[in-house]
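Undergrad: sequence-free structure coming up:
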């Protein structure tokens, strides 16, 4: 019910568990709907696609609570297989915090790997004893985990190395894809290896070097490669100092960045030897608007939304 209520005004048709609420023509109606597994738990996309085509449903949101006992990424692969065979375009996103989407929307299926794909595992029998005895602690994290949430979790274990990322509002998968970074740190500094699924469902493991991290880039191809999970390496530290550094970063972000407005994050990459925000400010473009889009007066590197 929470899912239905949250999304019913954004989509023509919203589907959670065994019920859907949809706008067919000009009439809203709630109804039970068949959304059962097919064969080995593959999701049955056929009735959804048929409903969308036959009733001119422009947008349809589905919440999937479980994968009928299967690995969730198996369900993702099954969905890819079906959608490709059916000729339906699809695009995979994480939290979506670094995306700017056209007003025209996307004519296809958006698959979001976020909170349902957010497990983690400390690769030791006992974390507390491991912190006492080891110089490096390894953690395996699923790609849908929030970067901010993971930074808080590892701080709770007195593990240092993710303080720089404590304010990055994205998912681990997206962070690996673009080598997210801030305040002197980048994902490449902590990543040991990552498991990657390609567009054909093949899974391979790439180490840090093979990921070819660069400035906000990696070897991974947006829309074609999907991060399944990643192993990161952190170091034992002093929890008070770790949380103190995170608090400093949070205060700095609040002071310098336009967090009071919606945006897709820092808009431009930094030109070599320069700062994008300063160049835009020097051009006299702070506050420049076009419709609801506005170059932030607080930080010219952000284009914020002051409209609707």
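TA: Thanks, I have the structure now. This one's a predicted model, so the numbers in the text were calculated from it and none came from an experiment.
Undergrad: any weak-confidence spans in the stretch 201-308 of the chain?
TA: Along the stretch 201-308 of the chain, segments meeting pLDDT under 70 are nowhere present.
Undergrad: any chance you could map the strands in it?
TA: In the stretch 201-308 of the chain, the strands defined using DSSP state E, counting those that start in this stretch lie at 203-207, 226-236, 263-266, 289-290, 293-295, 302-305.
Undergrad: My read is that residue 261 contacts residue 299, right?
TA: No: using Cβ atoms under 8 Å, residue 261 is not in contact with residue 299, being 10.7 Å away. No exception for glycine: its C-beta is placed from N, CA and C like everyone else's.
Undergrad: who's more crowded, these two?
TA: residue 299 (22 against 14; other Cβ atoms under 10 Å).
Undergrad: so what's the more buried one up against?
TA: Applying Cβ atoms under 8 Å, 6 or more residues apart in numbering, one finds that residue 299 lies in contact with 256, 257, 258, 277.
Undergrad: which helix of this protein spans the most residues?
TA: The helix spanning the most residues in the chain, taking DSSP state H as the definition, is helix 239-256.
Undergrad: What backbone torsions are found at the residue most central in space within the chain?
TA: Using Cα atoms, centre = their mean, the residue of the chain that lies closest to the mean C-alpha position is residue 94, 2.4 Å off. Per-residue torsions, residue 94: phi -100, psi -110 (degrees, to the nearest 10).
Undergrad: number of nearby residues for the residue lying closest to it once chain neighbours are set aside?
TA: If you skip the residues right next to it in sequence, residue 94 has residue 171 as its closest partner in space, 3.2 Å away by Cβ to Cβ, 6 or more residues apart in numbering. Counted with other Cβ under 10 Å, the burial measure for residue 171 works out to 33 neighbours.
Undergrad: On the pLDDT front, check residue 171 for me.
TA: Listed pLDDT for residue 171 reads 93.
Undergrad: Hmm, it is touching residue 98, no?
TA: No: counting by Cβ under 8 Å, residue 171 stays clear of residue 98, with 9.6 Å between them.
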